[in-house]
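A.B. asks: can you look at this prediction? I've put the sequence above it.
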Amino acid sequence: MRLPTSSPLRSLPWITAAALVLGGCATAPPQAAPVSRLDAVQKAGVLRICTPGDYKPFSFQKPDAGYEGIDVDLMTGFAASLNARPEWVKTSWANLMPDLTAAKCDMAVGGISVTTDRQKLAFFSSAYMVNGKTPIARCADAAKYQTVAQIDKPSVRVIFNPGGSNERFARANFKQAKLTLHGENVTIFDEILANRADVFVTESAEAITQQKLKPGLCAINPDKPLQYGEMAWLLPRDDVAFKSYVDQWLHLSQAGGEFQRVMDRWLK
């Protein structure tokens, strides 16, 4: 059959270009799927966990350099589900996100509040606790610090620890009170007892825990926090497989009762 002179098949450049395109599509190698931490942790047998280790009852570093708390117990069980051992990576609240995004650890725990700022840079696990902002003060003064308005006065000395949601809450809500940044979360409660500060606003679980440990301090209305909050674990962004596994493990731990047994061990 003779092709008409107007036929596009008579255009050799067109045929050549089409052949190159089709050939390229046929021979292009498939893109390798990104390696999930789910696979990497199982292969290594080690789960690296960042934590500040200064926040009872979630994660607290002991004098022997070991860790204890709610998240420590839960991470022990979670790591075991991957046939891995937990390896704790000491960090601070200011360096928590930089250390996670720099892949110094596989996840971060230790009483981390869910915030939209953190969500921009990382994934959160499903929230496992509602834990809003609660003032803690000397019991003799508790009646004076029931609300944000009562705390935000020039005569009130508000203390807070750096780098986390406690600092953000204090700076956003207290414009008249005297603000003091205290670098050690472990000793911040002693500052109130020593009358060098009046109020510290933190999560209700920590306020309740510290009033038991520090006679003379009282958590103020922990069942009616000043601001709603949730706690979760911080996970690398875009690792959907790892997040899905973390969430499913947490769900099964809650449904099976182990999660509640850990909570009871530390909060009752």
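C.D. replies: The structure has been received and is ready for your questions.
A.B. asks: which element, helix or strand, includes residue 109?
C.D. replies: strand 107-113 (DSSP states H and E).
A.B. asks: which strands and helices sit next to that strand?
C.D. replies: strand 46-51, strand 59-61, helix 70-81, helix 96-101, strand 230-235 (3 or more CB pairs under 8 Å, 6 or more residues apart in numbering; DSSP states H and E). Placement of C-beta: from N, CA and C, glycine included.
A.B. asks: and the shortest one, how far out from the chain middle?
C.D. replies: So that's strand 59-61. Put simply, strand 59-61 sits 15 Å off its chain's centre (CA atoms, centre = their mean, to the nearest Å).
A.B. asks: next: stretch 110-121.
C.D. replies: 5 Å.
A.B. asks: so that it lines up with my notes, have the first residue be 37 from now on.
C.D. replies: Understood, numbering begins at 37; the last thing we discussed is stretch 146-157.
A.B. asks: for it, which positions count as buried?
C.D. replies: Neighbour-count burial for stretch 146-157 flags 146, 147, 148, 149, 150, 154 (criterion: 16 or more other CB atoms under 10 Å).
A.B. asks: low-confidence regions, this structure specifically.
C.D. replies: Filtered on pLDDT under 70, the chain yields the residue ranges 37-69.
A.B. asks: please name the nearest non-neighbouring residue to residue 195.
C.D. replies: Spatial nearest neighbour of residue 195, excluding adjacent residues (CB to CB, 6 or more residues apart in numbering): residue 233 at 3.8 Å.
A.B. asks: for the residue lying closest to residue 250 once chain neighbours are set aside, give me its contacts.
C.D. replies: Spatially, and ignoring its direct neighbours in sequence, residue 250 is nearest to residue 225 (5.1 Å; CB to CB, 6+ apart). By CB atoms under 8 Å, 6 or more residues apart in numbering, the contact set of residue 225 is 172, 236, 246, 249, 250, 253.
A.B. asks: selection in PyMOL covering whichever of those are buried, please.
C.D. replies: Applied in PyMOL, the following selects the buried portion of these according to 16+ other CB under 10 Å:
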select buried, resi 172+236+246+253
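A.B. asks: what is the nearest of the contacts of residue 225 to residue 73?
C.D. replies: Among the contacts of residue 225, residue 246 lies closest to residue 73 (CB to CB), at 33.7 Å.
A.B. asks: now the helix or strand harbouring the closest one: buried residues?
C.D. replies: In this assignment (DSSP H and E), residue 246 forms part of helix 240-249. Going by neighbour count (16+ other CB under 10 Å), the buried part of helix 240-249 is 240, 241, 242, 243, 244, 245, 246, 247.
A.B. asks: how far off strand 266-271 does that helix point, in degrees?
C.D. replies: For helix 240-249 against strand 266-271, the angle by axes from the mean of the first three to the mean of the last three CA atoms, to 10 degrees is 110 degrees.
A.B. asks: so what touches helix 240-249?
C.D. replies: Contacts for helix 240-249 (CB under 8 Å, 6+ apart): 91-94, 147, 165, 167-172, 225, 253-256, 258-259, 261, 267, 302-303.
A.B. asks: same check on stretch 151-161?
C.D. replies: Against stretch 151-161 from outside (CB under 8 Å, 6+ apart): 133, 136-137, 148, 150, 201, 204, 268-275, 279, 282-283, 286.
A.B. asks: select only the buried ones of these in PyMOL?
C.D. replies: Those of these that count as buried under 16+ other CB under 10 Å are selected in PyMOL with:
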select buried, resi 133+136+148+150+201+268+269+270+271+272+275+279+282+283+286
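A.B. asks: quick one: the strands in the stretch 87-236 of the chain?
C.D. replies: 90-91, 95-97, 103-104, 121-126, 143-149, 159-160, 165-166, 169-174, 193-196, 214-217, 235-239 (DSSP state E, counting those that start in this stretch).
A.B. asks: look up the closest residue to residue 239, ignoring the ones flanking it.
C.D. replies: residue 167 is the one closest to residue 239 (CB to CB, 6+ apart), at 4.4 Å.
A.B. asks: who touches that neighbour in this structure?
C.D. replies: For residue 167, the contact set (CB under 8 Å, 6+ apart) comprises 147, 149, 239, 240, 241, 261, 265, 266, 267.
A.B. asks: those: which two are farthest apart?
C.D. replies: Maximum distance among the contacts of residue 167 (CB to CB): 14.5 Å, for 147 and 261.
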